[in-house]
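Asks: Kindly return the folded structure for what I paste below:
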Amino acid sequence: MSAKPNMSAPAEGHPLRAISFGNPAVSVERRDDGTIYLRPKARLGDYPVRITDRLHHWAGIEPNRVFMAERDATRGWRQITYAQLLTSARRIASALLARGLSADKPIVILSGNSVDHALLTFGALYAGIPFCPVSPAYSLVSRDYGKLSYLMKLLTPGLVFADDAGKFADALAVNVSLGTEIAASRGAVPGREVTKLSDLLATPEHPRLDAAHDAVGPDTIAKFLLTSGSTGNPKAVINTQRMICANQVMLRETLAFLKDEPPVIVDWLPWNHTFGGNHNIGLTLFNGGSMYLDDGKPMPGGIEETVKNLREISPTVYFNVPKGYESLLPYLRDDKALRAKFFGRLHAMFFSGAALSPFIWNSLDELAVQETGFRVPMLTGLGATETSPFFMSVTPATSRSGHVGLPVLGNDAKLLLNNGKLEVRARGPNVTPGYWRQPELTAKAFDEEGFYKFGDALKPADPNDFDKGFDFDGRIAEDFKLASGTWVSVGPLRARFVGTCAPLVRDVVIAGINRDEISALVVLDLDGCRLINPALPPDDLAAAASNPLIRAAFRDRFQKLLANATGSSTRITRAVLLDTPLSIDRGEVTDKGSINQRAVIEHRSGLIDLLYSPTPPAHVISL
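Replies: Numbers count the residues shown, from 1 in each chain. Next comes the predicted model:
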């Protein structure tokens, strides 16, 4: 066992690792109606016509560099170089062109991240045929295939791919019509013909291949990315070549250290989301980097695989969600060799999806200082599927929990008053033209000036100096009024609740619309609960919610939250620890773990009534 680092000395006095980074300065225009426009002072440079132009570039100058690698059956690395990727993409593109696929008959990919998934997507990009990666949870977790059935009708695919047809056989049999081709790397679907990926890879080059590739332009649809479905059925966000290519230049000019050294990434983030599928794959390709696919996940039984990979591969930039950093932290603390490998050439870390708690952030700083003598910059920003996703970014110097920075090159931000908050909207070449086959939703998503409506609110870090950036101020649609007419700002309150109740709480649903006081439906973090009571089973929510040790530990933290409340808009007096998982089929939670506040409140109205009963039952924690 390696010696543990000294965690007693605070890291904040130590310098940040010096990295190349863009200048985020903005010009500010204020209108008489209170609307504010922020525009980066620097100009966005030129960007490629199509993302596969960068594949040609790197295959030409670094043909033998590894583009992507994944674990094979022997637990070694199956690698594909830039030259191999180009050859494979051209072969698959030829097969797809011969099938007459198009935006009206796109490719749908049901399985998760893999080299074969990447080969198919780059073949589609090369041929100019849109594809749509779908969350595997819609096929493997959902019990009624509701979202999968809906999106199949919306997209009308001409080809559906899964790496293992056998694993996805039930979903394929139920949701893929008999006239639609099924392709797979391996496996079978009873009663259905399955085209092997190896057959697509063996296709001779199509006589019109180069012409088809040259015809791909900035407005060509590259892919459809599904929104999380947190407000109903998923929407298919149109992603054009212009969006993807422009956003990669925005990334490269902001995260300028990407120019200094080709990035090496160890990554599990799913490609059916824009963070993994646009941001990370894109910056790997655009900057001639190498991506090592991580089969791990930030949960027991999954984080161990991530640790194994990080023991072998030293990343230059690391991307994860807050839960991923939390799960990784004990291993970095206990294993000096892992710590040395992880921080050895790390320029920066990046998180998205939720707020990173100060405890996790400070702990990572302390470990970095212990290993290297400096803190490694932790970066984040604000983005959406509709913005490709890079829209706003912090700088190493301004980065802190809750801060999202300033709009990056090429993006205009519009801030306007909405119920006492500053609602933010975006316009730039990285913003989607709309939702596929849903013109009414597209119309609602944009204002009269063509700005995309995020639905998020921001507040300036310094009202007198906008160059100091902005803090996230919650989702406009989640806020509500108490019976007194007082507005409750849900986003900041949720963040404060989770931070105060760490490590017991993963998320919380805030209730109280038209009530006298606020209450909370608490989603426990079972990993954190086991830090309090190691005897808890790993996947029994009910056991954790009823455990006396957990309830006592939660009550102590809940009391601290109440003591620090500043008024009725921040005072939560009753809570219940949820003892059943949130449902993906009912839309309470998305496949990436984001909670739909309104859906939970709607489907658990009876539980909320119990929270507000004059004599609440014993399982309600009341202060």
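Asks: check contacts around residue 575.
Replies: 519-522, 554, 558, 611, 620-621 (Cβ atoms under 8 Å, 6 or more residues apart in numbering). For the C-beta atoms, the positions are set from N, CA and C on the backbone; glycine is no exception.
Asks: Mind doing that once more with 7 Å?
Replies: The neighbourhood of residue 575, defined by Cβ atoms under 7 Å, 6 or more residues apart in numbering, consists of 519-520, 522, 558, 621.
Asks: where does residue 257 land in three-state SS?
Replies: Under DSSP: H, G, I helix; E, B strand; the rest coil, residue 257 falls in the helix class.
Asks: How confident was the prediction at it?
Replies: Here, the pLDDT recorded for residue 257 equals 98.
Asks: same check, this time on the one 3 residues further on
Replies: pLDDT recorded at residue 260 is 97.
Asks: With adjacent residues omitted, what lies nearest to it?
Replies: residue 20 (5.6 Å; Cβ to Cβ, 6 or more residues apart in numbering).
Asks: picking up where we left off before, with secondary structure and neighbour count added, can I get the contacts of residue 575 in JSON lines?
Replies: Converted to JSON lines, the contacts of residue 575 look like this (DSSP: H, G, I helix; E, B strand; the rest coil; neighbours: other Cβ atoms under 10 Å):
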{"residue": "519", "secondary structure": "strand", "neighbour count": "22"}
{"residue": "520", "secondary structure": "strand", "neighbour count": "25"}
{"residue": "522", "secondary structure": "strand", "neighbour count": "22"}
{"residue": "558", "secondary structure": "helix", "neighbour count": "25"}
{"residue": "621", "secondary structure": "strand", "neighbour count": "19"}
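Asks: and which of those is nearest to residue 407?
Replies: Proximity of those to residue 407 (Cβ to Cβ) peaks at residue 520, which lies at 33.6 Å.
Asks: pLDDT at the closest one, what is it?
Replies: pLDDT, read off for residue 520, is 97.
Asks: Report the separation between it and residue 285.
Replies: In this view, residue 520 and residue 285 are 43 Å apart by Cβ to Cβ, to the nearest Å.
Asks: Same check on residue 338?
Replies: Distance from residue 338 to residue 285, by Cβ to Cβ: 28 Å.
Asks: And residue 100, by the same measure?
Replies: Distance from residue 100 to residue 285, by Cβ to Cβ: 27 Å.
Asks: what's the answer for residue 400, then?
Replies: 31 Å.
Asks: neighbour count winner among these two?
Replies: Just comparing residue 400 and residue 285: by other Cβ atoms under 10 Å the higher neighbour count belongs to residue 285, 24 against 15.
Asks: In contact with that one, which residues?
Replies: By Cβ under 7 Å, 6+ apart, the residues touching residue 285 are 51, 54-55.
Asks: Select only the buried ones of those in ChimeraX?
Replies: To isolate the buried ones among the contacts of residue 285 in ChimeraX, judged by 16 or more other Cβ atoms under 10 Å, type:
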select :51,54,55
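Asks: Out of the contacts of residue 285, flag the one nearest to residue 243.
Replies: Proximity of these to residue 243 (Cβ to Cβ) peaks at residue 51, which lies at 10.0 Å.
Asks: Work out for me the element the nearest residue to the closest one once chain neighbours are set aside sits within.
Replies: Excluding the flanking residues, the one nearest residue 51 by Cβ to Cβ, 6+ apart is residue 244, at 5.3 Å. According to DSSP states H and E, residue 244 maps onto helix 241-254.
Asks: burial measure for residue 113, as a count.
Replies: 25.
Asks: how much space between the residue nearest to residue 51 and residue 553?
Replies: Separation of residue 244 from residue 553 (Cβ to Cβ) stands at 46 Å.
Asks: Over to residue 603?
Replies: 28 Å.
Asks: Neighbour count: the two, which is higher?
Replies: residue 553 (19 against 15).
Asks: Need the pLDDT of the more buried one.
Replies: 97.
Asks: wouldn't it be in contact with residue 504 here?
Replies: Yes: assessed by Cβ atoms under 7 Å, residue 553 is found in contact with residue 504 at 6.1 Å.
Asks: got a list of what the residue nearest to residue 260 touches?
Replies: Residue 20 touches 256-257, 259-260, counting by Cβ under 7 Å, 6+ apart.
Asks: you'd agree it is in a strand?
Replies: No: Residue 20 is assigned coil when assessed by three-state DSSP, not a strand.
Asks: Show the pLDDT at it.
Replies: Reported pLDDT for residue 20: 98.
Asks: List the residue ranges of the protein that fall below the pLDDT cut-off.
Replies: 1-10, 228-232, 591-593 (pLDDT under 70).
Asks: Please list all residues in contact with residue 108.
Replies: Residue 108 touches 132, 134, 155, 157, 160, counting by Cβ under 7 Å, 6+ apart.
Asks: Please identify the nearest residue in space to the first one, excluding sequence neighbours.
Replies: Okay, so that is residue 132. residue 224 (4.1 Å).
Asks: and if you look at the fourth one?
Replies: Using Cβ to Cβ, 6+ apart and skipping residues adjacent in sequence, the residue nearest residue 157 is residue 108, 4.1 Å away.
Asks: where's the one you found, which helix or strand?
Replies: strand 107-109.
Asks: could you point out which element follows that strand?
Replies: helix 115-127.
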